[in-house]
Structure formats: C-alpha cells, structure tokens
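[1] after the sequence you'll find the predicted model.
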Amino acid sequence: MAKTSPSRAAGRALAWLAALVVGLTAILGIGVASGQAGWAPKLALDLEGGTQMVLAPQTASGEQATPEQLGQAVEIIRQRVDGSGVAEAEVATQGDQNVVVSLPGVPDEDTRRLIQASADLQFRPVLQAAPGEPTPEDQLLPKEQFPAPSAEPSDAYDSNWLTPDLADEFQRTDCAVPRDPGAAPMPADRAVVACQPAEETPAGAAPAIKYVLGPVVVSGTEVDGAQPGLAQTSGGVSTNQWGVNVDFTDEGARAFQAVTQRLTPMPAGDPRKQFAMVLDGRVISAPSSNAVITGGSARIDGPSFTEQSANQLAEQLNYGSLPISFTIESEQQISATLGEDQLRWGLIAGLIGLALVALYQFFQYRALGLLTFASILVMGLMTYLAIAILGWTDNYRLSLAGIAGLIVAIGLTADSFIVYFERIKDELRAGRPVEAAVHEGWKRAQRTITASKAVNLLAALVLYFVAVGNVRGFAFTLGLTAIADLIVVFLFTHPLMVLLAQGDFVGRGHRMSGLDPRQLGVDSALYRGAGQVREPRPAVASAPTSDVRPGRRRGRGEPALTIAERRRAERARAADPAARRPADTQEDAS
Amino acid sequence: MNRFADWGNALYTGRRAYPFVRRWRLWFAIAAALLVLAGGLTALRGGFNLGIEFRGGSEFTVSDAATGEVDPGREAVADVVPGVEPTVTAIAPGTMRVQTEQLDDAQTRQVAQNLQEAYGVTQDQVTSTFVGPTWGEAVSQQALLGLVIFVALVTVFMALYFRTWKMSLAAVVGMLYVVALTAGIYGATGFEVTPSAIIGFLTILSYALYDTVVVFDKVRENTVGQEEDPERTFEQNVELAVNQTLVRSITTSIVGLLPVASILFIGAGLLGAGTLRDISLALFIGIIVGTLSTLFLQAPLYALLRRGEADVRDQDARVGRDRDGLGQQTDLEDAHGAVL
C-alpha cells in the first residue's frame, strides 16, 4: 500500500489550514495593532445594551419612498444624530422598507424628535455671503454698530431683513461647527443664517461658505423631480459638463420664474444674484441665476460638478421634494444588565453544549471523538477570527440570534464527522482494512457532506438576503459556520484521519480507537492490519453453511459461544440465503 | 457500547431492519393524525399565542428584581395609565416581565421609572420594548418570502444533485410537514410565537432538508444501478438504506439536540423568555420532528413516488416476492455488494 502519497496530501492539507489560520490571525493582529480592531468580536445592541428603533417612512402624500430617498433619509438622520453628540450611533436601512437606528444608552426627547422629523427643502434668496470662518474675536463689530434696517422688508429679497441681531449672528457663525440639530427648524417666513459645508471637489477643496438668506421663495415640495445629466449645447450635442436638471410643478414653475426674474438682472459676482437650496438647515447648493426660467425646467451647472456630485445633488433635491417623516415601528431599550446576562448565559450554555457533545462523541467513537472535538475547536477558532475580522472591516456585530446560530452549528458541524465516521465503519464492516476504509469512506462521505452543507448554505444565503432584523444575524453565523465546517472537514479532520489510519493505534484498530473491526462484526481472521488482508468476498463465499442460528436473543442466552464464535456463526448464517426466514426480521421489527 | 455497535452492525447487514418503508400506511396515518390533532388543539385554543411583536404593545423586562411579586408591576402601570390591565409575569427568578397595550413615549418612560422603584433596581436593569402591530407582520412576510425562494432553489438543487425530481419532491413535502407539525405543536401547547421562534422555524427547514439529503444520498447509492438486483425490490433497497443510516440519524439528532437543549434548559431557565429560549425551543422540537420525518415520511414517500415506474415495477416483478416480506430478501453479501 502506497503510504507516502496520501500522507503527503494530508500533510499539505494541514499546512494549508495552518496557513489559513495564521493568515487570518495576522490580519486581525494588524487590525488590533493599528488600533482599528479589537480581539473581541463586536457585539450588537441586544448584547451590549442600548436602544434600537425601527422606523417606517411616512410621506404626507402617502407615496412610497424610493430606495434612494430612504438612503438620503438615513444620511440625514445620521447627520442629525451625530450632530446631537450621540456617539456610536448606527443608522441603516433595513430591507427597502425601514430605517433602523441603534444608539447606546437611552435617547432623550430631543434626539427622538430629531430622528423622526422630516427633512425640509427650501429655496431662499441669498442676501449676503462670506467665507465659513467666524470673524476673529478682536475684529467683531459690536452689535450696536450694525446699521438698523431702514424699513420693514418689503419682499424676500429685501436687504432690510438684515437686522443687527442677524448680522451679529452671521459674523459669529462658524461653519466648522455642525448646526445643532436640536435647534428649531428654520422659520420659512424670516431671514436666517445658514452654512454650506466645505467639500472636496475635483477642482480643489471648496471652502465652507456662510449665507444670510431671505425667507422661503419656493418650497421643496414644488420640485417635481431632479436628474443629473450632461449639459447640451443649443445644437443638442452633449458637452462634458455635468449638471442637474430640475423640474418644478406648475405652482413651483410660477414661483421659480418670479425668483429668476428678480435675481437675473443682478450684476455678476453679487451674492444677491444667487439663490440657496437648503435641505435640513444646510445649504446644498447656491447657484446664480443667469436666465429667467419660464417653463418650469431649470438647469444647475457649475465647473465643480462631477457625475458623483451631480448625482448627489439630484438625490438630495428628490428627497427634499418628498418630505419623509418617520413613525417608530418598534423600539427596544435593552438594559446593559440584560444584555450582559444574555451573553454570559448564552456562552455558558454553549460551552456546556460543547462539553456534552464531546462526551457523547467519546462514548460513541472513543478516540475518534477527540478528533471530532479538536475539529470543532478548530472550526470555533476560524469562526471567531472571521467574526472579529468582519467586525473590523464590515462592522459586523454579533447578536444574540447570532450566538444561537453558533451554538446550533456545533451540532450541525459534528454531523459532518458522524457521516464520515459512519461511512468508514461501513467500509470496515465490508471487510476493508482501516486505511482503505478511510480512503473509501471519505470518497463517499465527502459527496454527502458537500451536498448537505450546500443545502445549509443555500438556506443561510436566502435568509440573509430576504430576511430582516436579527434573522440576518442568525443566517450570517449559520452560513459562516457551514463554510468553516467544510474547510475543517477537508483540511483538518480528513487529513488527520488519514495520518491516524497509518499509525498503529487506529490503523490496527485498537479497542479504544473507535475503529475496531472486531467490534464491527468483522471476523478478526480477515483482518491482519494494514495491507494484510484477504479479499473479503471470496473468504465469505467459501464459509461453511451452518445450521447454528444464534439469534440476537437466543445468542445472549448461550454463554457456551464466545463472541467470536457467535459472530462467525452469524456470518455463516447471513451468507446463506436459505437460512434467513421472514420470521427473523419480523421478530426484530416488533 | 458493544450492544450499540452490534445493533449498528445488524442494521448495516440488514439482519435487523425496521419497517420504515413497508409500514408506510401506518406511519402516514400517524403523521396525519398528529397534524390533525395539533391543528385541532390549535383551533380549540383559538389560534396561535402570538408574541407582542405581532400584537403590538409595550413590554418591560426587569432584571435582578428584588421581589418576584406581580402586584408592584401592576401598580407601576396603573399609576400611569389607569384602566389598563397589564400582564405581569415572573419569567425567571429575579426577572419580571410586564406587558401592556401600546403606550406612548412619555408613558413608557414613566412606567419604566415606576418599575425601577417598585422592584428596587436602577435604570440599567429595566428594558423596555415598544412594538407597532405591523412589525411582526413585516418580519413574517419576509420570512414567508424567504421560505418560498428557498424551497424553489433547494428543489432545483436537489433535483440536479440526485438526478431525480422525485427525491426533491419527497424531501420538500416532508420538510413542509415538519414545519407544519412544529407550528402545530406551538399552537397546541400555546408556546409564544415570536420573531425569534420564526428564525427557529426557518432553521428547521434547513435542518430537515439537510438530514434528508444525508439519508437520501445513501438511498441513491443503494438504488441507482440496482435495477437488475435479483434479490431485493426497489422499496426494500430504500428501506435498507434508511436502516443503514439509522445510527447516523440517531447520533446526529442527539448531537444536534445536546447544545440546543443546553441553551433551552440552562440559558432559558435562568434568563426566562427571550431570543435564546424562543430559537432553541423551536429547534428542539424541529430537530426531533425533522429526524423522525426523514425516516418515516420522506423515505417511504420517495419509494411510493417511484413505485409506478416501469423500471421499478420490472425489478419488483423479477424479485417476484411478497412486497411486505422484506425478511425473505437477500443475503448478507448482496447487501455489501450494494455499497462496495
């Protein structure tokens, strides 16, 4: 029997596994060393404690929010929550229906309101503009020195909106400080101060700009739609210049025409030629009006537009045109104590489960049970590494449902080994020596294992992509362990089994090895260790037919027969078709 | 141990055989009776005991409560919203659960505050949940969608793998039975159906099929290419395969059940109702039902589906013996011949 080739293959497989584990550990180690990852997996809210809200979008008109609009909503909620000083908040869409907000601790009334409030898109004329930095302390003008307005403002474009109070606010405004999201929404009928945050554009960094803006002249709900697109020359040829095409409703068209009629005659370079689009208190764009727009279709151009920024502006405008507010579908405040308890008991239960499995495997498979246990440990190690790394790279958080998935996986993993070992036993029963039985058993077992794990993986994938909420966490761990299981069976359990089969303890079928052919009803005479076996079939065919029929029950009552004798007799009986009568099986079946 | 090994050997050779296929009428009747019984009991109880996620409402959990009495909990709620009848239960030692109809934000916080005082705990030890009535519905709708997609994909996968759609059909029908019976057991016993229990159900789908694939792989091995088998009918071959994998089926279900039972009895006994208990309970029931159904439903169903085929009939006719007389079949070495 060629000993070198299978054992070399086994050695190679084990080396691959070692490389894989070392590689994963190194990746995680780099993450930890650079301070971006931790050795412990990240925990989800139900284990760490905190508040989770599931929000359902609601529009005034009852329209369905599009995924893009939902994405914008997430962006805006994130800005608001971050702005309110809550650390480590997570905002994400769930399916294409809901938004999930996870916060540590218990959010106060204001945070709650912020999260639910709809964003508001406004078009306002620009009255004054300046760089986004505050005027240095020593150059601040005392409030009294600002000229008081000469009269009540007559329309939205009137500089009389600029009261000393507003001018003072303007000079002190620092655009680097995000707007307090808890502040009251900007009053539509008054002048306000607003910032356009600094941005990176291909044309260079666009600095932050602060504006004094007049009252709302066009409301965001009057926007019919916005699309990014390349500019066209009058001849209809596309240029390379990105921009955004905005369409207004009938009412919006009239209002916007009035705006452009007022702004267009202003001299170039005057901030008052501009109007600002304000979304949720922030200026997203402040173009100058270069022509009177009569048809309700405007185009915003600018040298700084890229495909991406044009897209973004269009999305923001579309989002603002359909103000989405949110109702809380479900809210969970998990106390840190409960989360800790659940984690602790979950882990303890998992360890006890693992110990029970190990114990049971040892009873059934003797020394091979240890191989099972070692395999489960290797799988556990790989799963842990994968989860910790994913926590770093993809912000994957282990939830309680995920832990349940891991514990359930212990059983499913052990099954791969059970299938494998039972196949080896089948081959031993057929009279093969241990080494050949391992070889043959594996050929059959690997098919079964791969096919059945594929079913598990399929289930996990479907659940992951279709399901919502903590079902996903569960599906994720289930799928992860199915993959880890396959890796372990192919790269650890089987190669080790091959190597063990060449050793004396297992290879010669020691009583405690779990692969003792004598215990499997194989005539010991057939078996003389690896490579020294008579062909099983002729041996049995030539066995003498006997009338001795020590049935299961009778056999036990006949101490005169040794086990070996009884087995030989049973074999002989089994080899003779005539000796088997229907009564035999029926008795067993009852 | 020795006896177990002997038993395994006997099953392998066919010396000992349980009539999984022969007695299919009996098994199918029992299966149907169980389903009707579970369904009837569920109907008598007035349907499923749906968790708060499906009904909508507010729920509070107090950890490390100083007392296990329900009255402080009731008063804590009555104080804020008079006239509401809260359900207060001690779900585990030191853990109280208070369920009420839907409360608004202010009320929720007030009740949480009252509960802290009533049970002598800090803010960290009170968990509150508020669920709109549509939340659970959304979860289960997605779950149902997942079920349909999974069944479609897995049917195709198994049909391709086993090269016969009949195995696929038998496996999927059996799986649906497993889910139906598990759901029926939930309904009949009044266990709470929560989204976590739904996760458990979905896992059972996967487990039930997984278990079936392992057994069917052996069935396929024993039957494909055995059309000329002079000793054994098709059904007898199927039955032998099921018996030969019986040790595996039992061992696997025990090994699968051990960790699940450990979460169920150790974790849930101390923590009370929650994600862990809900998932593990569904799995505990499902693994048992799933394993039994592979043996008693899926395997005989497959044999029945193939029964009418010309090949199978020819084979059975050649063997030419009483279909119910499996004991007449075979000698040991032919059983080996099937797997060698």
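    The structure has been received and is ready for your questions.
[2] relative to chain A, how far out is B:I285?
    Going from B:I285 to chain A by CB to the nearest CB, to the nearest Å gives 13 Å. No exception for glycine: its C-beta is placed from N, CA and C like everyone else's.
[3] dump the residue contacts of that residue.
    B:T182, B:I185, B:Y186 (CB atoms under 8 Å, 6 or more residues apart in numbering or on different chains).
[4] wait, which of those residues is closest to A:W392?
    B:T182 (37.7 Å; CB to CB).
[5] so that closest one sits against B:T203, correct?
    No. At 10.7 Å, B:T182 does not count as touching B:T203 under the criterion of CB atoms under 8 Å.
[6] hey, what's in contact with both of these two?
    When contacts are counted by CB under 8 Å, 6+ apart, B:T182 and B:T203 have B:A282, B:G286 as shared neighbours.
[7] flag every buried residue along stretch A:383-397.
    Within stretch A:383-397, the residues scored as buried using 16 or more other CB atoms under 10 Å in any protein chain shown are A:T383, A:Y384, A:L385, A:A386, A:I387, A:A388, A:I389, A:L390, A:G391, A:W392, A:Y396, A:R397.
[8] any idea what sits nearest A:C175, other than its immediate chain neighbours?
    Distances taken as CB to CB, 6 or more residues apart in numbering or on different chains put A:G132 closest to A:C175, at 3.1 Å, once the chain neighbours are dropped.
[9] so the one you found is in contact with A:D174, correct?
    Yes. Between A:G132 and A:D174 there is a contact under CB under 8 Å: 7.2 Å.
[10] of those two, who's got more company?
    For A:G132 versus A:D174, neighbours defined as other CB atoms under 10 Å in any protein chain shown are more numerous around A:G132 (19 against 12).
[11] distance of the more buried one from chain B?
    37 Å.
[12] tell me the contacts of that residue?
    A:T173, A:D174, A:C175, A:A176, A:C195, A:Q196, A:P197, A:A198, A:P207, A:A208, A:I209, A:K210.
[13] may I have the phi/psi pair for the second one?
    As for A:D174, its main-chain torsions (degrees, to the nearest 10) stand at phi -120, psi 110.
[14] list the contacts for it?
    For A:D174, the contact set (CB under 8 Å, 6+ apart) comprises A:G132, A:E133, A:P134.
[15] same question, the fifth one
    Counting by CB under 8 Å, 6+ apart, A:C195 touches A:G132, A:T173, A:C175, A:R179, A:A208, A:I209, A:K210, A:Y211, A:R282, A:V283.
[16] identify, from those residues, the entry nearest to A:P323.
    For the contacts of A:C195, the nearest to A:P323 is A:R282 (15.2 Å; CB to CB).
[17] the strand or helix carrying A:V419 close to chain B?
    Assessed by DSSP states H and E, A:V419 sits inside helix A:400-429. Yes. Against chain B, helix A:400-429 shows contacts by CB under 8 Å from any CB of the partner chain at A:400-401, A:403-405, A:407-408, A:410-412, A:414-415, A:418-419, A:422, A:425-426, A:429.
[18] in the stretch 201-340 of chain B, where is pLDDT below threshold?
    Under the criterion pLDDT under 70, the flagged ranges of the stretch 201-340 of chain B are B:226-230, B:267-269, B:271-273, B:320-340.
[19] which residue does it bring closest to chain A?
    B:P259 (2.8 Å; CB to the nearest CB).
[20] out of the contacts of B:I285, the closest to chain A would be?
    Among those, B:T182 lies closest to chain A (CB to the nearest CB), at 14.9 Å.
[21] and the pLDDT for the residue nearest the centre of chain A?
    Centroid check for chain A by CA atoms, centre = their mean gives A:Y396 as the closest residue, at 5.5 Å. Listed pLDDT for A:Y396 reads 81.
[22] nearest spatial neighbour of it, chain-adjacent residues omitted?
    Leaving aside its chain neighbours, A:Y396 sits nearest to A:L390 (3.9 Å; criterion: CB to CB, 6+ apart).
[23] do A:P134 as well
    Nearest non-adjacent residue to A:P134, counting by CB to CB, 6+ apart: A:D174, 4.2 Å away.
[24] how much space separates the one you found from A:P197?
    Relative to A:P197, A:D174 is positioned 11 Å away (CB to CB, to the nearest Å).
[25] same question, A:A73
    From A:A73 over to A:P197 (counting by CB to CB), the distance is 19 Å.
[26] looking at those two, which is more packed in?
    Counted by other CB under 10 Å, A:A73 and A:P197 do not tie: A:A73 has more neighbours, with 23 against 17.
[27] that's a strand at that one, yeah?
    No. Applying DSSP: H, G, I helix; E, B strand; the rest coil, one finds A:A73 to be helix, outside a strand.
[28] how many residues are close by the closest residue to it other than its chain neighbours?
    Once flanking residues are discounted, A:A73 sits nearest to A:I324: 5.3 Å by CB to CB, 6+ apart. For A:I324, the count of nearby residues is 23 (other CB under 10 Å).
[29] thinking again about what came up before, so which of the contacts of A:C195 comes closest to A:D110?
    Set against A:D110, the nearest of the contacts of A:C195 by CB to CB is A:R179 (13.9 Å).
[30] can you check the pLDDT for the closest one?
    Per the predicted model, pLDDT is 69 at A:R179.
[31] and B:G47, what element?
    Using DSSP H and E, B:G47 is not contained in any helix or strand.
[32] which residues does it contact?
    Per CB under 8 Å, 6+ apart, neighbours of B:G47: B:G187.
[33] how about B:F20, phi and psi?
    Residue torsions, per degrees, to the nearest 10, at B:F20 are phi -60, psi -40.
[34] which residues touch it?
    B:W27, B:E239, B:V242, B:N243, B:L295, B:F296, B:A299, B:P300.
[35] farthest-apart pair in those residues, please.
    B:W27 and B:N243 (14.4 Å).
[36] compare the two and say which is more crowded by neighbours.
    Comparing B:W27 with B:N243 by other CB under 10 Å, the one with more neighbours is B:N243, at 27 against 21.
[37] now for the helix or strand containing the more buried one, which elements pack on it?
    If you go by DSSP H and E, B:N243 is part of helix B:234-244. In terms of contacts (3 or more CB pairs under 8 Å, 6 or more residues apart in numbering or on different chains; DSSP states H and E), helix B:234-244 is packed against helix B:2-13, helix B:195-223, helix B:299-307, helix B:310-319, helix B:332-339.
[38] next, the angle helix B:310-319 makes with that helix.
    Between helix B:234-244 and helix B:310-319, the angle comes out at 90 degrees (axes from the mean of the first three to the mean of the last three CA atoms, to 10 degrees).
[39] and the helix or strand following helix B:234-244, what does it pack against?
    Counting by DSSP H and E, the next helix or strand C-terminal to helix B:234-244 is helix B:246-261. Contacts defined by 3+ CB pairs under 8 Å, 6+ apart place helix B:246-261 against helix A:336-365, helix A:400-429, helix B:2-13, helix B:195-223, helix B:275-293.
[40] for those helices, which one sits closest to A:V462?
    Proximity to A:V462, assessed across the helices and strands packed on helix B:246-261 by CB to CB, is greatest for helix B:195-223 (9.0 Å).
[41] off-centre distance for the closest one?
    Centroid separation for helix B:195-223 versus its chain: 10 Å, with CA atoms, centre = their mean, to the nearest Å.
[42] thinking again about what came up before, isn't the residue nearest to the centre of chain A right up against A:F476?
    Yes. Using CB under 8 Å, A:Y396 is in contact with A:F476, at 7.3 Å.
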